[in-house]
Structure formats: structure tokens, C-alpha cells
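Trainee: pasting the sequence and the predicted coordinates here, then a few questions.
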Amino acid sequence: MKKGVLILLFVTVIVLAIVLGSGTYIYKNILNIDTIYKGVRIDGYDVSNKTMKQALEYIKEKKEAEIQKKSMNLIYNENIYKIRLRQLGFSYKYDEAVNIAFQIGREGNFIKRLRDIAKIKSGVEIPLEFFYESTKSEEVAKNISQEINKEAVDAVLNFNNGKITVTDETVGKRVLTDKLIAKIDENIYELKDIEIPVEDIQPRVKKSLLSRINGVIGEFSTSFKGSSSGRIQNIKLSSKAISNKLILPGEEFSYNNTTGPRSAQSGYKEANVIIGGELTPGLGGGVCQTSTTMYNSLLLADLTILERHPHSIPASYVPYGQDAAVSYGYLDLKFRNDFDFPIYTYAKVVGDRVNIYIYGDTKTKNYNVKITPEIIETIPPKTEKIYDAKLSPGTTIDIQKGRTGYKVKTYKSIIKNGKVVSRTQITVDHYRKKDYIYKVGPALPASTIIEEEKDIIER
């Protein structure tokens, strides 16, 4: 073999050896290492030349220490609530960031990888994504709300023997939790101070409103003299039920809902009630006298009557056309307060009279009301005789007592400064007549009639 060929062969071998050696070195020490390439940073922290485990431990140590120190202030007036990120379940996606850091320079063929590795040395920043538990911010908002929230308290009217005093109302507070949660969520990264959103809850009833009740705007009384003990008890019980009631502007009042069912369990006694035009013993007899007394006080106070019913026969304790029958679940007395001030009801029984007062603003209701019923038709009863042959001749037996019927129109007049400014018809009532019914026997013989007449003459 010639000397030149040997030299060329030797050089070729040497070059191959160098190339193979370099390739092995590159593969072993660059392409096949288990550490993150130089120049890679996670959220500002250098993780070069670290294994995934080392990088994970390192970045966790750094960031967890930061989390421990980070917090935000939620402020309401003088109160400051320091909320640490840890309370919100705040943390970072460490594994995800470390995996991304490790994969840099490990994609593509070896030439691409070598190029990427060379570029990495100038620096690559991996963002560290965070997360938190939204339920935690909800819990924080809920706990703060429990401390700050305050119920609004209505002003209270105190009534003592006609003297009226009013306590102040209290404005309530309510944290707007949805807005607070949104503010917390938006502030996770910036950690600025947050003003807790709180709204005032105005009480339904304010002192300024109740203070308008300054006197009686309507009152009426009726006598129950001669009533049975049970009837008197029922009047007292129903009067107590409707007393001391506050009715705000626009509110409605139901007599039946206020007094409740007329039952023995509620304390009502048996007394005469009107059923089908007849007085019949029943529980609650007398409550209609209370409702009637209230009805007239309401009329004089000029309140809006929504429901009222007359009795089938006239009541003895008020003029015709001014009664108000009630029957639980059937007939009710209802009214609405259409004034711009509240009214207050007060009832008391003194001696043999029931008195009902309506309190309100005498400066606004500064006029008088007069109720005038007019009988526009009197309906006399008829007489019916039923013949009964079994009766003794000349016998007459009362079967049904008669009663006159009436048609009544009732008017309301508004009187101001002594002058009638308006007069309106408010009701038309019909009180049914009741015919006389007699059962009669056969007529007496003519001789008997003559003898009776003779005896009368002689006497």
C-alpha cells in the first residue's frame, strides 16, 4: 500500500473518531441530560441545571413563602379585615410550569434542539399561573357580611292612655356580597385595599311618619246595656283584638283576619246571632256590635271602606243603615288607609259601652264627617192565616211574629269650617220584612157570637 493512501486512511479514521466522540459527548452531555437547560426562569426564578424535582422544590419554596406574606385589606369605616391569599386557597400551577421549563430544547431533531438550546442561554421566562378557590372568597364575603349586616328596625309608636310617643328607627346595613366577591376576585393579583360595598336598608316605618299621628280623627261608641254575659264577653274580646293596630298608608285591614275564628278555644261564648233574619244562639254573638262600632268610627275618620254588609234585620244599637255584619269566612269588614299618614286603632269597653277611636293626623284630616241615613221605603208585613180544622172553634195561634221592612239610603257629608262641602251616598240597604202568620180554627157558631156580644153589653 502506498504511503499516501495510508496517511489518508489514518486521517479519515482520526476525523471519524473525533466526530463520533463529539457526537457522543453532545448526546450524553447536552441532548440527553435530565436537567433544565441554562437560561430558563420560572416567574423570575432561575431553574437552570436543575432536575424537575429540584426545580419543583425550589420554586415551591420561593413562591409559597411569598404567598404566606401576601394579603389584601377589606375596609369598612374603621374596620379593616386582613385577608391572606392562603385563606382564599391561592396557589400556583407548579408542576405545569416545571414541565414546560423541562421541555424547552427537547423538541425536534438534534440540529433543531442544538439551535434552541443555544438560544435558551439568552433567557426564557416561563409564567407561573395561579389559581384560587372561588368558594373561599364566598366564605370570606359571607363571614364579613355576618359581622356588618344589621337589620333595619322600625320606629315604634307607644300608646298609653291616649298619650302617644314614638321611638327612633334604626337604619339597617347590608353587604353587597356579589359585588364584594367580584372585587376580591379582581384584586387577587394586585392586592390593593378594597372598600367593602355596603348599602343602607331603610326601615319600613320611620319616626317622621309615625309622628304624624297626633290625635283622634274618628270615634264612635255603642251601648250593650242589657246584653247577656256571653255577649258582653264577646264584645270585650273582639274589641281587644282590633285595638292598638297600626295601618300604614296604602295598607288594608280585615276585621275577620284580625279577630280570628269565633271559637270556644279563642274564648268566645255563646250568645244570640242573626241567622236568616232570626236571633239564634251561637258562638261569637256580639262581635257584630264591635264591627258596627268600628265601621262608624271609620266612616267618621273618612277612611276607604272596601267591604261592609248590613244585617238582615236592623240592629238596635245604631240607626238603620249604619250597621256592619260580620261572619268569619263569609262576611267581613275591610278598609284601606288612603291617607298619606298612618292610622292607629284603639278600642276600650267602659261600663256598658264599647268605644272605638281612630287616631291620625288631625292637621290633614281637619274636617268633620256626618253620617245621615234616610228611610226611603217602609215595607209593611202581610198577614197570613192558616186554617186548621183540628183547632177548637174561634182559636187563633201565633206561628210567626211579623216585622216591618225598610229600604235605607245612607249619606256621608264632609263639613269644613261649619259648611257642608260635599254630600255623597255611600250605601243602600234592604232590611227584609217578615209576615205575620197565624193558625186559626173553625169559626164560632152564630148563636155563640150573639151570646158573647150580649154578655159584653151587659157588662
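Mentor: The structure has been received and is ready for your questions.

Trainee: from what I can see Lys121 touches Gly39, true?
Mentor: Yes - Lys121 lies in contact with Gly39 (C-beta atoms under 8 Å); the separation is 4.5 Å. Glycine gets a C-beta too; all of them are placed from N, C-alpha and C.

Trainee: out of the two, which sits in the more crowded spot?
Mentor: More crowded of Lys121 and Gly39, by other C-beta atoms under 10 Å: Gly39, with 19 against 13.

Trainee: how close does that one get to Gly105?
Mentor: Gly39 is 9 Å from Gly105, where distance means C-beta to C-beta, to the nearest Å.

Trainee: also Asn368?
Mentor: 101 Å.

Trainee: neighbour-wise, which of these two wins?
Mentor: Higher neighbour count among Asn368 and Gly105: Gly105, with 26 against 16, using other C-beta under 10 Å.

Trainee: can you show me the helices along this protein?
Mentor: 3-26, 52-69, 94-103, 110-120, 134-148, 177-186, 207-210, 229-242, 255-259, 287-300, 446-458 (DSSP state H).

Trainee: any idea which of those is most buried?
Mentor: helix 287-300 (a mean of 26; mean count of other C-beta atoms under 10 Å).

Trainee: now that helix, how far from the centre of its chain.
Mentor: Relative to its chain's centre, helix 287-300 lies at 30 Å (C-alpha atoms, centre = their mean, to the nearest Å).

Trainee: quick one: it to helix 229-242, angle?
Mentor: Between the axes of helix 287-300 and helix 229-242, defined by axes from the mean of the first three to the mean of the last three C-alpha atoms, to 10 degrees, the angle is 40 degrees.

Trainee: counting contacts, what elements does helix 287-300 pack onto?
Mentor: Packing partners of helix 287-300 (3 or more C-beta pairs under 8 Å, 6 or more residues apart in numbering; DSSP states H and E): strand 215-223, helix 229-242, helix 255-259, strand 304-307, strand 343-350, strand 353-360, strand 368-379.

Trainee: could you list the buried residues of the fifth one?
Mentor: Neighbour-count burial for strand 343-350, with 16 or more other C-beta atoms under 10 Å as criterion, is recorded at Ile343, Tyr344, Thr345, Tyr346, Ala347, Val349.

Trainee: returning to that earlier point: put together a markdown table for the helices and strands packed on helix 287-300, with distance to Gly402 on each row.
Mentor: Listed next are these as a markdown table, based on distance: least, C-beta to C-beta, whole Å:
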| stretch | distance to Gly402 |
| --- | --- |
| strand 215-223 | 27 |
| helix 229-242 | 25 |
| helix 255-259 | 32 |
| strand 304-307 | 31 |
| strand 343-350 | 35 |
| strand 353-360 | 31 |
| strand 368-379 | 11 |
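
Trainee: and the ones you listed: which comes nearest Glu138?
Mentor: Closest to Glu138 of these, according to C-beta to C-beta: helix 255-259, at 41.0 Å.

Trainee: hang on, the earlier thing: how about the helices and strands packed on helix 287-300, which one is nearest Ile33?
Mentor: Closest to Ile33 of these is helix 255-259 (C-beta to C-beta; 86.8 Å).

Trainee: quick one: contacts for the closest residue to Gly441 other than its chain neighbours?
Mentor: Once flanking residues are discounted, Gly441 sits nearest to Leu391: 2.9 Å by C-beta to C-beta, 6 or more residues apart in numbering. Each residue near Leu391 by C-beta atoms under 8 Å, 6 or more residues apart in numbering is listed here: Ile397, Lys439, Val440, Gly441, Pro442.

Trainee: count of neighbours near the spatially closest residue to the last one that is not a sequence neighbour?
Mentor: If I follow you right, that is Pro442. Distance criterion C-beta to C-beta, 6+ apart; nearest residue to Pro442, sequence neighbours excluded, is Pro393 at 4.5 Å. Neighbour count for Pro393, taken as other C-beta under 10 Å: 12.

Trainee: in contact with Pro393, which residues?
Mentor: By C-beta under 8 Å, 6+ apart, the neighbours of Pro393 are Gly441, Pro442, Ala443, Leu444, Pro445, Thr448.

Trainee: redo that, cut-off 6 Å
Mentor: Pro393 sits next to Gly441, Pro442, Leu444 when contact means C-beta atoms under 6 Å, 6 or more residues apart in numbering.

Trainee: quickly note the distance from Ile201 to Asp178.
Mentor: Distance, Ile201 to Asp178, using C-beta to C-beta: 16 Å.

Trainee: ok, back up a step: ok, which of the helices of the chain comes nearest Arg336?
Mentor: Closest approach to Arg336 among the helices of the chain is made by helix 287-300 (10.3 Å; C-beta to C-beta).

Trainee: what's the average pLDDT for the closest one?
Mentor: Confidence for helix 287-300, expressed as mean pLDDT, is 97.

Trainee: okay, it in PDB with CA atoms only?
Mentor: Only the C-alpha atoms of helix 287-300 are listed here, as PDB (Å, rounded to 0.1, in the frame of the first residue of the first chain):
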ATOM      1  CA  VAL A 287    -118.900  40.600  67.600                       C
ATOM      2  CA  CYS A 288    -121.200  42.400  65.100                       C
ATOM      3  CA  GLN A 289    -121.700  45.200  67.600                       C
ATOM      4  CA  THR A 290    -117.900  45.700  67.700                       C
ATOM      5  CA  SER A 291    -117.600  45.600  63.900                       C
ATOM      6  CA  THR A 292    -120.600  48.100  63.700                       C
ATOM      7  CA  THR A 293    -118.900  50.500  66.200                       C
ATOM      8  CA  MET A 294    -115.700  50.300  64.300                       C
ATOM      9  CA  TYR A 295    -117.500  50.800  60.900                       C
ATOM     10  CA  ASN A 296    -118.900  54.100  62.200                       C
ATOM     11  CA  SER A 297    -115.600  55.300  63.600                       C
ATOM     12  CA  LEU A 298    -114.000  54.500  60.200                       C
ATOM     13  CA  LEU A 299    -116.700  56.500  58.400                       C
ATOM     14  CA  LEU A 300    -116.200  59.500  60.600                       C
END
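
Trainee: got the residue ranges for the strands in the stretch 301-450 of the chain?
Mentor: Using DSSP state E, counting those that start in this stretch, the strands of the stretch 301-450 of the chain run over residues 304-307, 334-336, 343-350, 353-360, 368-379, 383-387, 396-400, 405-416, 419-431, 436-440.

Trainee: mind showing which ranges of the protein have poor pLDDT?
Mentor: Applying pLDDT under 70 to the chain flags residues 1-30, 270-284, 446-459.

Trainee: can I see the domain layout of it?
Mentor: Structural domains annotated on the chain: 1-25, 33-70+92-131, 135-208, 212-360, as defined by automatic domain parsing.

Trainee: for those, which one sits closest to Glu384?
Mentor: Closest among the domains of the chain, once you apply C-beta to C-beta, is domain 212-360, at 16.2 Å.

Trainee: distance between the ends of the closest one?
Mentor: This stretch, domain 212-360, spans 7 Å end to end (C-alpha to C-alpha, to the nearest Å).
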